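[1] Got a predicted structure plus its sequence, pasted below:
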Amino acid sequence: MTDTQQSPDNHNMPNAETRQWAMFAHLSGFIGCVFPFGNLIGPLVVWQLKKDEEPFLDDQGKEALNFQITVSLLFIICLMLVVVVIGILLLGLLFVGAAVLMIIAAIKSNEGKAYRYPFCWRIIK
């Protein structure tokens with residue numbers, strides 16, 4: 001295949017900058033480890049700044065934000081369950097699961113593949 005021919009797989013491949021911003025949208029959820037509600041603010045800011053530039057960024061920004069909203073709601077439920085002790089275990093599970101899924105999403109979006117989080121409540125359409 002010559003340089004002028006396109007592979008069918010790369011037909012609608014987002015450019016490198018678009019893929020990088022999509023990756024940032026997913027990884028910005030880690031800001032919540034430093035600032036309260038940073039996990040919501042990070043993806044929201046990236047999505048709002050970049051959503052009009054590329055459809056891929058709009059899609060992945062919404063997906064990252066929806067996932068962080070879901071994680072925040074689950075966090076609140078786990079905090080309430082701390083009274084019954086099971087919440088401590090669930091909080092740990094939530095943090096590990098969310099971190100793993102955010103890293104997978106960041107890698108996939110950096111490869112130009114739209115990632116869909118499992119068990120995500122998609123509020124923002």
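    That came in fine, so what should we check first? Residues are numbered from 1 along each chain as shown.
[2] What helices and strands are in contact with the stretch of helix or strand residue 90 belongs to?
    Per DSSP states H and E, residue 90 falls inside helix 86-110. Counting contacts by 3 or more Cβ pairs under 8 Å, 6 or more residues apart in numbering; DSSP states H and E, helix 86-110 packs against helix 16-27, helix 55-81. Any C-beta I mention is one placed from the backbone N, CA and C, and that applies to glycine too.
[3] what's the spacing between it and its chain's center?
    Helix 86-110 has its C-alpha centroid displaced from the chain centroid by 10 Å (Cα atoms, centre = their mean, to the nearest Å).
[4] Averaged pLDDT, it. What do you get?
    Across helix 86-110, the average pLDDT comes to 93.
[5] still on that earlier bit, just put the helices and strands packed on helix 86-110 in JSON lines and tack on mean neighbour count, distance to residue 98 and mean pLDDT.
    Shown next, in JSON lines, are these (neighbours: other Cβ atoms under 10 Å; distance: least, Cβ to Cβ, whole Å; pLDDT from 0 to 100):
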{"stretch": "helix 16-27", "mean neighbour count": "21", "distance to residue 98": "11", "mean pLDDT": "91"}
{"stretch": "helix 55-81", "mean neighbour count": "20", "distance to residue 98": "5", "mean pLDDT": "93"}
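[6] what's the closest of these to residue 91?
    Closest approach to residue 91 among these is made by helix 55-81 (4.6 Å; Cβ to Cβ).
[7] ok and the closest one relative to helix 86-110, angle-wise?
    170 degrees (axes from the mean of the first three to the mean of the last three Cα atoms, to 10 degrees).
[8] got TSV for the helices and strands packed on helix 86-110, with distance to residue 97 too?
    Supplementary listing: these in TSV, determined by distance: least, Cβ to Cβ, whole Å:
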stretch	distance to residue 97
helix 16-27	14
helix 55-81	9
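[9] for the ones you listed, which one sits closest to residue 104?
    helix 16-27 (8.7 Å).
[10] List the neighbours of that closest one that are in contact with it.
    14, 43, 46-47, 50, 53-54, 56-57, 60-61, 63-65, 102-103, 105-107, 109-112, 115 (Cβ atoms under 8 Å, 6 or more residues apart in numbering).
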